[in-house]
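Novice: got a predicted model here, sequence first, then my questions.
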Protein chains: 2
Amino acid sequence: MNTINVGIIGVATVGSGVMKLLNDNMEVIEKRLGARLHIKQVADKEPDRERVIKIPDSLMTTDPWEIIQDESVPIVVELIGGTTVAKELILEAIDRGKHVVTANKALLALYGEEIFSAAAKRGVDIGFEASVGGGIPILRAIREGYVANRILSIYGIINGTSNYILTKMTEEGRRFDEVLKAAQKKGYAEADPTLDINGGDAAHKLAIAVTLSFGTGIRLEDIYTEGIGNITPLDINFADEFGYKIKLLAVAKARNDGIEGIEVRVHPTLVEKGTPLANVSGVYNAIYIVGDALGPNMLYGMGAGMMPTASAVVGDLVEIARNIIYKTSRVVPPRSYQDSYITRLPIIPITHIVTRYYIRFQVVDKPGVLGQIAGILGKYNISIASVIQKERKIGGDVPVVIMTHEARESDLIRSLEEIDRLPVIKGRSVFIRIEDI
Amino acid sequence: MNTINVGIIGVATVGSGVMKLLNDNMEVIEKRLGARLHIKQVADKEPDRERVIKIPDSLMTTDPWEIIQDESVPIVVELIGGTTVAKELILEAIDRGKHVVTANKALLALYGEEIFSAAAKRGVDIGFEASVGGGIPILRAIREGYVANRILSIYGIINGTSNYILTKMTEEGRRFDEVLKAAQKKGYAEADPTLDINGGDAAHKLAIAVTLSFGTGIRLEDIYTEGIGNITPLDINFADEFGYKIKLLAVAKARNDGIEGIEVRVHPTLVEKGTPLANVSGVYNAIYIVGDALGPNMLYGMGAGMMPTASAVVGDLVEIARNIIYKTSRVVPPRSYQDSYITRLPIIPITHIVTRYYIRFQVVDKPGVLGQIAGILGKYNISIASVIQKERKIGGDVPVVIMTHEARESDLIRSLEEIDRLPVIKGRSVFIRIEDI
């Protein structure tokens, strides 16, 4: 039986999972692939860290370049993360004609264009299924399953940590910072959770999904990104009363109203209860994608974790191994589109989007306030769909919550600036976008 | 640009959708495939039927064998359905070295072994993504996305008609036959709905998914199959009170308790509310699959319909076209396992399964009845988890509903035979299996 050598750079959690999976399931993988995947060497700067598997000394090096230079290794798995050494290693591996598998979403979101172009030029494969949605085979679905479709829109819950936090806040009525602290204790949030809670990680993943779905490069700074740090139990409760849940959504939409371009954004979003995405709880991820022929499709599963991520990495190894066995490569283009057709679509600025909004005002409780608010909203062509005004406290402030019909975001911003200058308004008004999915 | 000819046999709903899709989306397909798919000829016994697209006379023939004999056509799409002519056409196409795409689940469930073996021997591809879950790329996910996993279990809502009927019965409290009639009027159920409502269609699809997931051939008659015709609003309501919905589930499980083999069955099932499958409503389909590394994954979407099914067919055409362009074939084995590893796993008889049960007894309303029932259940090692006994009507019959803990089906059957002989029991007891997913 054919044996294909693999080198793994970075053997922390996911890397150990990949080794464990190749060890535990090689029999069934062989029956499907018709060949063996053999781990020739692994590199880790901490060779002795605690792992789910024991790595023989003979396999381990602390020098990743040993693997890159080994001509008997046609596939390199990069799992060290970061955007400096990882980039150098990957580019050098490509330059040496090696195929690469990586889970490094930040690297691909920032330097994808350079890496993909290098791989295209050298004719090598690059697998990155693990970079979006962990074990969920979403990139494969876009490249192959949906290949006959124009992708119309993507709605993703693609950051498990933030979804876990929002779920706990919703179920237990607790504040963001309390829940975050508890999540850190349980290992559901990292010591530095910044990228998870500020939407950055979701934006990295969305950038990758957008490239494959629409055949476009995208700069990370063009993705409007807003995290969940300002979401309060108060807003979660009001959303609930209106029949909605609050989710951190990664959204991309092809505009079809004469404006050429795509909307690409990550932000907390009201999603109607009972719809498929609203039911995605805890650390689970889901990607809801609409194709013109397909209609809606949703893929749901564990978006992170040692073994789900390893499942995606080994899936990529098998795909590349098949190409090696058949003496070919890049049968399916890594970015879904043939390289010569990758373009740069205009990104619609966030101010130009049109959607419905949830707005919460903190107002002095006296007659006529709602009228003043409605008047200004009306001036900016924003019409009110429904209102909740809670029981009145004499002389105190009360929240007034409004759901609007569709409005343009620039109009909303200007109306809120004007409303927030009213003497009856206390503090800054809060708004959250609504998506009807 | 490379052009690959395609012949389509059967141009009713799905065939028209395939033509429409190839026509409408060829630009985007080309950008991904790097080649054109060209419809060389189509065959239909009713050339003039009404369609969403106009077919030029020059393309149409009434003789499918013309396409099979055309040496310039490397890929044939079979969409006539049925298991006689379709089988002949496919086998002859394979024999002539043509690749085949089909949506014919009945044919593959009945004669898959013969067809797959012929394709393997001749070295041609066979694409059948459209046969399970319509536009949902579940077969691709099993073959590629989950390739590193041992598949542990599959739970599918894979018949849209029966899911639509159960959803309407649940939402509107109406009887099966009423809802079926309404569904037929709306076109959600066929004039002859037998295979949809008796579980047969779901069994066909499950047979295919099982082959790919477990690398085993399976005889249709080995799949325990029970339809939804006996489900009543009464049971739907009781299930609801216990916190469950009733779904027609296609279930396959690898047994890991020392018994070698798999459970493969289709039947109405209680699924806990709030879980992903319980939320799959109307004509939507979903396949929930558990891999040992992956954990649970669910794919959700339109399981039927012209364009979703066409999306899957054209996806297969693109995969085969890629192989043709790269002068190879069968890069991914059609049955997921290499042909030499396809085996014949034992199928566990339905009497040997162990699960929880919902049981409804119709009893004479007098003291001590529940005790008698519980006594007999206990004798067969069936313990009661919860009970609902509704308000008493003096002298009348009342339903008593019991949820059991895990029990062996043969024990359940024997206990019910004994219970049903009690003088206090009116009519035959009803039981529905529960799955904890």
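Specialist: Arrived safely, thanks for sending.

Novice: only C-alpha atoms from now on, for both contacts and neighbour counts.
Specialist: OK.

Novice: hey, which helix is longest across chain A?
Specialist: For chain A, the helix with the greatest residue count under DSSP state H is helix A:306-325.

Novice: outside of the very next helix or strand once past that helix, which residues touch it?
Specialist: Later in the chain than helix A:306-325, the nearest helix or strand by DSSP states H and E is strand A:354-364. Residues from elsewhere that reach strand A:354-364 (Cα atoms under 8 Å, 6 or more residues apart in numbering or on different chains): A:235, A:270, A:369, A:395-409, A:424-435.

Novice: please indicate which of those are buried?
Specialist: Buried subset of those (neighbour count, 16 or more other Cα atoms under 10 Å in any protein chain shown): A:235, A:270, A:369, A:397-409, A:424-426, A:429, A:431-434.

Novice: and chain B, which of those residues contact it?
Specialist: Applying Cα under 8 Å from any Cα of the partner chain to those, one finds that nothing falls near chain B.

Novice: mean confidence for the helix or strand containing residue A:207?
Specialist: Taking DSSP H and E as the definition, residue A:207 sits inside helix A:200-214. Computed over helix A:200-214, the mean pLDDT rounds to 98.

Novice: again with stretch A:28-45
Specialist: Stretch A:28-45 carries an average pLDDT of 98.

Novice: quick revisit: inside helices: which ones of the contacts of strand A:354-364?
Specialist: Going by DSSP H, the helices hold A:235, A:369, A:409 from the contacts of strand A:354-364.

Novice: how about the second one, nearest residue that isn't a chain neighbour?
Specialist: If you skip the residues right next to it in sequence, residue A:369 has residue A:424 as its closest partner in space, 6.9 Å away by Cα to Cα, 6 or more residues apart in numbering or on different chains.

Novice: check contacts around that neighbour.
Specialist: With Cα under 8 Å, 6+ apart, residue A:424 has these contacts: A:363, A:364, A:369.

Novice: give me the residues contacting the helix holding residue A:207.
Specialist: A:105-106, A:108-110, A:131-132, A:139, A:142-143, A:151, A:156, A:158-159, A:194-196, A:216-220, A:223, A:225, A:227, A:250-252, A:264-266, A:335-337.

Novice: go on, stretch A:332-344?
Specialist: A:116-117, A:120, A:125-127, A:142-144, A:147, A:211-213, A:215-218, B:31-34, B:322.

Novice: quick check: next helix or strand after the helix holding residue A:207?
Specialist: Helix A:200-214 is succeeded, C-terminally, by strand A:224-225 (DSSP H and E).

Novice: for the record, mean pLDDT for that next one?
Specialist: Averaging pLDDT along strand A:224-225 gives 98.

Novice: each with direction, which strands does it pair with?
Specialist: In the sheet, strand A:224-225 lines up against strand A:262-272 (parallel) (DSSP bridges).

Novice: and the strand it pairs with, C-alpha only, in CSV?
Specialist: Extracted in CSV, the C-alpha atoms of strand A:262-272 (Å, rounded to 0.1, in the frame of the first residue of the first chain):
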residue,chain,number,x,y,z
ILE,A,262,-21.1,42.8,-1.2
GLU,A,263,-22.0,43.5,2.4
VAL,A,264,-19.5,41.9,4.8
ARG,A,265,-20.0,42.5,8.5
VAL,A,266,-19.8,41.0,12.0
HIS,A,267,-22.0,42.3,14.8
PRO,A,268,-24.5,41.3,17.4
THR,A,269,-27.8,40.7,15.7
LEU,A,270,-31.4,40.1,16.6
VAL,A,271,-32.5,36.7,15.1
GLU,A,272,-36.1,35.6,15.3
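
Novice: okay, now the closest residue to residue A:153 other than its chain neighbours: neighbour count?
Specialist: Leaving out its chain neighbours, the residue that sits closest to residue A:153 by Cα to Cα, 6+ apart is residue A:253, at 4.3 Å. Residue A:253 has 21 neighbours, counted by other Cα atoms under 10 Å in any protein chain shown.

Novice: tell me the SS of residue A:253?
Specialist: strand (DSSP: H, G, I helix; E, B strand; the rest coil).

Novice: from residue B:343, how far off is it?
Specialist: Residue A:253 is 45 Å from residue B:343, where distance means Cα to Cα, to the nearest Å.

Novice: residue contacts, the closest residue to residue A:318 other than its chain neighbours?
Specialist: Distances taken as Cα to Cα, 6+ apart place residue A:33 nearest to residue A:318, at 6.8 Å, with adjacent residues excluded. Applying Cα under 8 Å, 6+ apart, we find residue A:33 in contact with A:318, A:321, A:322, B:337, B:338.

Novice: now residue A:33: how far from residue B:319?
Specialist: Taking Cα to Cα, one finds residue A:33 at 17 Å from residue B:319.
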